[in-house]
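*Asks:* Can you look at this prediction? I've put the sequence above it.
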Amino acid sequence: MTGNLVHGDHVSCSRVGGAMRRESSRLRQHAQSLVDALGDLAERPGPDTETSRTEMAAMAAVATSLRALRATADNLDEAGAALQRYATDLAEGHELGRRAERRVEAAGVLLEGTRVIEPWGPASAQEAERRRAQVPEVQSRVDLATAHVGRARGRLVREMTRLTEGFSAHSRDAHSARQASLPPRGC
């Protein structure tokens, strides 16, 4: 038996997920700072109509960016939570894999990738029959471990694909807000 049946580092996944969630919280704080600044701008009186139109356009651009920032923070939090859920599933998969590997060893059979096989070489008829009888049960334990992790990876891929589409949309929104006309510096 070489290597582990289940691959992946659940500790790193959990740490990255936690870092994403902390960054999400930091982005939310920045968004609140922007809300406060917009509130202050909205309360001050404008000197003339032209400046007011320019300021309103700028505030609309900032508001669009703010919505994109908040949505990005929400998606980042969801992505971090998904990674942390995956880390838990992966840790469970590692334990199932360790148990399956111990069962493979105890049964005197071998793992070839994820397939349980009988070893080559001389064996008594009794020993060969005992091994052959254990293969289906041991294979089911191996399959349980790999299926558990496979389902978890599938969920993670679907969630990350959905969130990636959201991040792209938020990026486009923020980019379009930057393209909006802003007042010239010094006004």
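*Replies:* Thanks, I have the structure now.

*Asks:* isn't there a strand covering residue 116?
*Replies:* Yes - under DSSP: H, G, I helix; E, B strand; the rest coil, residue 116 falls within a strand.

*Asks:* Roughly how far does it sit from residue 141?
*Replies:* Using C-beta to C-beta, to the nearest Å, residue 116 is found at 9 Å from residue 141. C-beta here means a position set from N, CA and C on the backbone, and glycine is covered the same way.

*Asks:* Which strand or helix spans the residue nearest to the spatial centre of the chain?
*Replies:* Residue closest to the average C-alpha location in the chain (C-alpha atoms, centre = their mean): residue 83, at 3.8 Å. If you go by DSSP states H and E, residue 83 is part of helix 49-107.

*Asks:* just residue 176 next, same as before
*Replies:* Residue 176 belongs to helix 125-179, assigned by DSSP H and E.

*Asks:* Can you work out which other helices and strands pack against that helix?
*Replies:* Applying 3 or more C-beta pairs under 8 Å, 6 or more residues apart in numbering; DSSP states H and E, we find helix 125-179 packed against helix 49-107, strand 115-117.

*Asks:* From residue 84, how far out is the closest residue to the residue nearest to the centre of the chain other than its chain neighbours?
*Replies:* Once flanking residues are discounted, residue 83 sits nearest to residue 17: 3.2 Å by C-beta to C-beta, 6 or more residues apart in numbering. Distance, residue 17 to residue 84, using C-beta to C-beta: 4 Å.
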